[in-house]
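Q: After the sequence you'll find the predicted model.
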Amino acid sequence: MRDEYDETAPGVWTWLQAWYATQCNGDWEHEFGIRIETLDNPGWTIVIDLGDTALEDKPYERQEIHRSEHDWIFTRVESRQFTASCGPLNLGEVLHLFRCWITG
C-alpha cells in the first residue's frame, strides 16, 4: 500500500481488526495482542505485539512528527512490539503508518 488515501481500501479500524483476526491461531491471542490507551497530556498510546508474527524481525525506522502541541506522533519497534504515542486526533494516522509499514 502506498502512503496515500485509497478509497477502495478498508478503513484502518476494519483493517486492524482483520490483521488481529489473522494472527489469532489458538495460541497467539493468549500471549499477545493490541492495547490502546489514553494519555493525560492528552493523547493516545498503542502497543501492538509482533511476537510470533511475520513482522517480529521486520526492520522499522523510528518516526517522530511534531506539528503542534496536540498534533504529534512517535512510533518505534522495540522488544517485538510496535509502540506509538500520539496527539488526541492522531490515532487513525498512527494506525495508517502501521498498515503502510506492514503492506509497504
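A: Yep, that arrived. Numbering: from 1, shown residues only.
Q: what does stretch 52-68 contact?
A: 23, 27-28, 31-32, 50, 72-77, 80, 82, 87, 97, 101-102 (CB atoms under 8 Å, 6 or more residues apart in numbering). C-betas here are computed from N, CA, C, even on glycine.
Q: Doesn't residue 74 lie inside a strand?
A: Yes. Residue state for residue 74 (DSSP: H, G, I helix; E, B strand; the rest coil) corresponds to a strand.
Q: for the chain, what are the low-confidence residue spans?
A: 1-9 (pLDDT under 70).
Q: Give me the outermost residue of it relative to its centroid.
A: Going by CA atoms, centre = their mean, the residue of the chain most distant from its centre is residue 26, 22.3 Å out.
Q: Quickly find the element holding that one.
A: Assigned by DSSP states H and E, residue 26 belongs to neither a helix nor a strand.
Q: how close does it sit to residue 52?
A: Distance from residue 26 to residue 52, counting by CB to CB, to the nearest Å: 12 Å.
Q: Same check on residue 77?
A: 15 Å.
Q: out of these two, which sits in the more crowded spot?
A: residue 77 (21 against 14; other CB atoms under 10 Å).
Q: Neighbours of the residue nearest to the more buried one when sequence neighbours are not counted, how many?
A: Leaving out its chain neighbours, the residue that sits closest to residue 77 by CB to CB, 6 or more residues apart in numbering is residue 60, at 3.9 Å. Neighbours of residue 60 under the rule other CB under 10 Å: 15.
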